[in-house]
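K.L.:
One predicted model, sequence on top.
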Amino acid sequence: MSRHAIALAQINPTLGNLERNVALHQKSAEEAIGRGASLLIFPELSLTGYFLKDIVSSVALALTSPLLDRLRDLSHRIDLVVGLVEESPEHLLYNAALYLSKGEIRHLHRKVYLPTYGIFDEQRYLAEGSRIRTFRAAVGRSAILICEDMWHPSTVCVASIDGMEILISPSASPGRGGLEEGQAFANARAWETITRAYAQLFTCYVLYANRVGYEDGACFWGGSEVIAPSGEPIAKAEYLSEQILMAEIDTAEVRRARMINPLLRDERLDITLREMERVRREGPR
């Protein structure tokens, strides 16, 4: 089956309150199940909130946490992508996302690029991820890239070459740059540019799940969306308000886009690797 009903949970998690946020995940999942979705994607750090600062260690979860068992149980009924602070066996803390399906963790992505500029301070509290991998999901070959990861095209390129058909991007993007017409922040327009560009250039679906609400004086703008491999949006959530956004994706559209625009077929990986190695060795000229 190439058609899949999916949902994006544009929610407002409570900062530092794991129990309340798990309950919010369960409520959102019940709504998505009732509307026929087979996959529900939550935003970045959906179980904890974003501006954690010195409470980050108190909300970190090992992958064996009983709290996660409740979401594993739920994943027998609907696949889930959830955001959390993951504590590794070495007690390193990561901004991470899990893909849960049929009671198991099918994929773990640790955020590779941690923003530490302006209002962002992730490197002070968190460890950097070091892997970009695709994985088999019911909706197709997928990759997860968390928020700032998307601002580095190299991450999307690696995922694309690794077979990505579905790009899942959980985000916690605060509004910056002032409001524009239609009550969208300027950086919302920037996000909408890159999601459409990536979908078209890499001939994949982009599933962008952003949160809403306020933390530490910052306003998260929402605007979650689903972009087709043509680069056209097929579903768009409202700005600034909570919503379960539904959409239908069809992996046959990935095939169609790649027949029309065979960029992945023509990619010269040998040249890319050789020239990147040269630049790393010699520096830019």
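P.N.:
Received it, and whenever you're ready, just let me know what you need. Numbers count the residues shown, from 1 in each chain.

K.L.:
Could you pull up the residues touching residue 138?
P.N.:
The contact partners of residue 138, taken as C-beta atoms under 8 Å, 6 or more residues apart in numbering, are 4, 38-39, 79, 101. All C-beta spots, glycine's among them, are computed from the backbone N, C-alpha and C.

K.L.:
swap the cut-off to 7 Å and go again
P.N.:
4, 38, 79 (C-beta atoms under 7 Å, 6 or more residues apart in numbering).

K.L.:
Residue 257 in helix, strand or coil?
P.N.:
Here residue 257 is helix, with the state taken from DSSP: H, G, I helix; E, B strand; the rest coil.

K.L.:
Can we start the residue count at 96 from this point?
P.N.:
Will do, 96 is the new start, and the previous item becomes residue 352.

K.L.:
right, and out of the contacts of residue 233, which lies closest to residue 322?
P.N.:
Nearest to residue 322 out of the contacts of residue 233 is residue 99 (C-beta to C-beta; 15.2 Å).

K.L.:
Confirm that that closest one lies within a strand, as I assumed.
P.N.:
Yes: under three-state DSSP, residue 99 sits within a strand.

K.L.:
what bridges to it?
P.N.:
Note on residue 99: beta-bridge partners residue 344, judged by DSSP bridges.

K.L.:
so what pLDDT did it get?
P.N.:
For residue 99, the pLDDT comes out at 98.

K.L.:
Over to the one 5 residues further on?
P.N.:
At residue 104, the predicted lDDT confidence score is 99.

K.L.:
Equivalent analysis for residue 135, please.
P.N.:
On the pLDDT scale, residue 135 gets 99.

K.L.:
what does residue 275 give?
P.N.:
Looking at residue 275, its pLDDT is 53.

K.L.:
coming back round to it: so which of the contacts of residue 233 comes closest to residue 347?
P.N.:
Nearest to residue 347 out of the contacts of residue 233 is residue 99 (C-beta to C-beta; 11.1 Å).

K.L.:
OK, contacts around that closest one?
P.N.:
Counting by C-beta under 7 Å, 6+ apart, residue 99 touches 133-134, 233-234, 343-344.

K.L.:
Likewise for residue 213?
P.N.:
The contact partners of residue 213, by C-beta under 7 Å, 6+ apart, come to none.

K.L.:
how about a cut-off of 8 Å?
P.N.:
Taking C-beta under 8 Å, 6+ apart, we find residue 213 in contact with residue 271.

K.L.:
Could you report the pLDDT at it?
P.N.:
94.

K.L.:
For it, pull up the helix or strand it's in.
P.N.:
In the assignment (DSSP states H and E), residue 213 maps to no helix and no strand.

K.L.:
how near is it to residue 243?
P.N.:
Residue 213 sits 12 Å away from residue 243, going by C-beta to C-beta, to the nearest Å.

K.L.:
How many residues are close by residue 330?
P.N.:
By other C-beta atoms under 10 Å, the residues close to residue 330 number 18.

K.L.:
just curious, which of the contacts of residue 233 is nearest to residue 191?
P.N.:
For these, the nearest to residue 191 is residue 174 (16.9 Å; C-beta to C-beta).
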